[in-house]
Each structure stands twice: as C-alpha cells, then as structure tokens.
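Undergrad: Show me the folded form of this:
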Amino acid sequence: MIGSRRETPSVHDLMGTLSTTRIELPGFPLGLFADASYEQQEVRLQPGDFVLFFSDGLPESFESRRVPDGDAVLRRLLAGASAGTAQHLAHYLLRRLASAQRHRPLADDTTFLVLRIL
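TA: Below is the predicted model of the structure:
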C-alpha cells in the first residue's frame with residue numbers, strides 16, 4: 001500500500017496471498033508541496049501482486065473508541081480478502097468501509113486506488 005498518513009507515507013506490497021509488508025517512506029504526502037523531495041525505494045512486484053494507494057482517511061475510517069488503530073484493521077481486512085481482480089479488492093474495501101461507517105459520517109476524505117500487476 002502506498003498511503004499518506006500524518007506526514008509519513010508508507011508503502012505495502014500486496015502479494016498474491018494478500019499479505020502486507022510495510023516500507024516506511026518519510027516525507028509529505030505526494031502532491032502536497034510542489035518543491036517537496038522524496039526518498040526513492042525499489043519494490044519488486046510479480047504478476048498477480050496488488051498495490052493499494054490510499055489517503056489517510058481510509059485507515060482512519062476504521063478507527064473508533066473501541067478500535068483506535070485503523071492501520072491494524074486495514075491490514076486484517078486485506079489479509080482476509082481473497083485474491084481476484086483489482087476491481088474485486090476495491091469493491092471489498094468499499095463494502096467494509098460502508099459497514100464501518102454505518103452509524104457515523106466520514107470524518108475525512110477517503111481515497112484509494114487498487115492496482116494489480118499483470
């Protein structure tokens with residue numbers, strides 16, 4: 001996943017098994033400042049791997065008083081997802097997001113993009 005969260009974007013590569021690996025990339029979210037500089041890292045992806053790009057609103061949407069760590073919830077959801085198409089994973093996340101937000105409005109923008117390596 002590549003996500004921007006509180007000025008510390010992170011990258012996770014989602015292998016065909018939908019396991020996650022976190023790679024920390026310090027800095028500001030992409031596009032926030034025109035003159036921002038970023039470190040580069042190389043991540044080798046294989047056919048069938050998924051990459052999830054997301055804004056901080058996605059994991060925050062799963063947070064509550066009972067569940068303060070939205071990142072952990074997102075990792076559990078991804079681990080429980082079945083491999084398929086990028087569209088399948090996006091719909092799965094949208095259903096889980098709707099369920100988590102059933103009794104409360106979204107507090108932040110929630111943006112994500114799922115890619116599958118062919």
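Undergrad: where does this protein have its least confident helix or strand?
TA: Within the chain, no helix or strand scores below strand 10-14, which has a mean of 42 by mean pLDDT, DSSP states H and E.
Undergrad: Which strands and helices lie in contact with the lengthiest helix in the chain?
TA: Criterion DSSP state H: the longest helix present in the chain is helix 86-100. Applying 3 or more CB pairs under 8 Å, 6 or more residues apart in numbering; DSSP states H and E, we find helix 86-100 packed against strand 50-54, helix 57-61, helix 70-80, strand 112-116. Placement of C-beta: from N, CA and C, glycine included.
Undergrad: To residue 97, which of the ones you listed lies closest?
TA: helix 57-61 (5.6 Å; CB to CB).
Undergrad: What are the contacting residues of the longest helix of the chain?
TA: Contact partners of helix 86-100, identified using CB atoms under 8 Å, 6 or more residues apart in numbering, comprise 50, 52, 58, 61-62, 73, 77, 81-82, 110, 112, 114-116.
Undergrad: which of those residues count as buried?
TA: Using 16 or more other CB atoms under 10 Å as the burial test, these include 50, 52, 58, 61, 62, 73, 77, 81, 110, 112, 114, 116 as buried.
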